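Colleague: Here's a sequence, model it:
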Amino acid sequence: MTRRPQILVVDDEPQIQRFLKPALTAAGYDVVRAMDGAEALAAARAHAPDVIVLDLGLPDLDGKDVIGLVRRHVETPIIVLSARGEEAEKIAALDRGADDYVAKPFGIGELLARIRVALRSAQPAGGALASVLVCDDLVVDVDAHRVARGGEPVRLTPKEFDLLVALMRAGGRVLTHKALLARVWGAGHTADTQYLRVFVGQLRQKLERDPTAPALIVTEPGVGYRIAVETTDAG
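Modeller: Presented below is the predicted three-dimensional model:
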């Protein structure tokens, strides 16, 4: 029998726990619950969940500290679920190692979609990175440095190509400005957000059906960018 993916839900609000457990169970997941940061860290070690859904406002530890402590040991996808809507909070959580951010109040459909993205994007330990990435009708052959959309080749500069690959490897998860700049240009360029905007604009001109209304490379205001459609590995 195929093992059901396991979700660790960390939230001190009983009504959230009562709502999420049956909803996630009905969607095909096993659920482990934790009410504070200490319980979350113990459960993460004991159960090795496939995804962690984490509230930032915990009674004993700040959720961002929990993210940092979890990240010392595992790369389990972490989806922040919080009423803290400030951009600075989102950016801080993502920079500490969270993979995605869903603001309260939220729809269960959106959360389930983010969980599916997190599960699809999780890289098995020791697994090789895919050499061909597919997103809708966009195909990127990483090894050959070739890009096509709708079967038509698209010419990208080396940095445009690296930026696109970073976004597609994230598989629909948001990447902060800082994370993208570090991955593509190096740690010394993490403050060059205007530089990043220029390159995102160039990618959109080449890839979007309507660059004035981008539907592929989506802006998370004040935070970063994501690929709007889930990416799959074709090889």
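Colleague: I figured Phe161 hits His145, correct?
Modeller: Yes: counting by C-beta atoms under 8 Å, Phe161 does reach His145; the two are 6.1 Å apart. All C-beta spots, glycine's among them, are computed from the backbone N, C-alpha and C.
Colleague: So if I had to pick from the two, which one is more boxed in?
Modeller: The residue with more neighbours, out of Phe161 and His145, is Phe161; 19 against 12, by other C-beta atoms under 10 Å.
Colleague: Show me how the protein divides into domains.
Modeller: 6-121, 132-233 (automatic domain parsing).
Colleague: For the protein, which segments count as helices?
Modeller: When assigned using DSSP state H, the helices of the chain occupy the ranges 14-26, 37-47, 63-71, 87-96, 108-121, 158-169, 177-185, 193-207.
Colleague: Same list (these) but as TSV, adding mean pLDDT and distance to Gln6.
Modeller: Below are these laid out as TSV (pLDDT from 0 to 100; distance: least, C-beta to C-beta, whole Å):
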stretch	mean pLDDT	distance to Gln6
helix 14-26	93	10
helix 37-47	92	6
helix 63-71	90	15
helix 87-96	83	22
helix 108-121	86	11
helix 158-169	91	24
helix 177-185	85	26
helix 193-207	92	35
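Colleague: Asp55: which of these is closest?
Modeller: Proximity to Asp55 (C-beta to C-beta) singles out helix 63-71 among the helices of the chain, at 6.0 Å.
Colleague: tell me which residues of the closest one are tucked away?
Modeller: Gly63, Lys64, Val66, Ile67, Leu69, Val70 (16 or more other C-beta atoms under 10 Å).
Colleague: Correct me if wrong: Leu167 contacts Tyr225.
Modeller: Yes: taking contacts as C-beta under 8 Å, Leu167 lies within contact range of Tyr225: 6.3 Å.
Colleague: shared neighbours of the two, which are they?
Modeller: Leu175, Leu180, Ile217 (C-beta atoms under 8 Å, 6 or more residues apart in numbering).
Colleague: I'd like those residues as TSV, with neighbour count appended.
Modeller: Below are the shared contacts of Leu167 and Tyr225 laid out as TSV (neighbours: other C-beta atoms under 10 Å):
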residue	neighbour count
Leu175	23
Leu180	23
Ile217	20
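Colleague: Do I have it right that Gly57 meets Gly63?
Modeller: Yes: using C-beta under 8 Å, Gly57 makes contact with Gly63 at a distance of 6.8 Å.
Colleague: Show me whatever sits in contact with both of those two.
Modeller: Joint contacts of Gly57 and Gly63 (C-beta under 8 Å, 6+ apart) are Ser82.
Colleague: from memory Glu110 sits against Val102, does it?
Modeller: Yes: with contact defined as C-beta under 8 Å, Glu110 reaches Val102; the gap is 6.3 Å.
Colleague: Who has more neighbours out of the two?
Modeller: Val102 (17 against 11).
Colleague: Find the nearest non-adjacent residue to that one, please.
Modeller: Leu81 (5.2 Å; C-beta to C-beta, 6 or more residues apart in numbering).
Colleague: And the residue nearest the centre of this structure?
Modeller: Centroid-nearest residue in the chain: Arg173, 2.5 Å away (criterion: C-alpha atoms, centre = their mean).
Colleague: Quick one: residues contacting that one.
Modeller: With C-beta under 8 Å, 6+ apart, Arg173 has these contacts: Pro77, Asp99, Asp100, Val117, Ala118, Ser121, Arg226.
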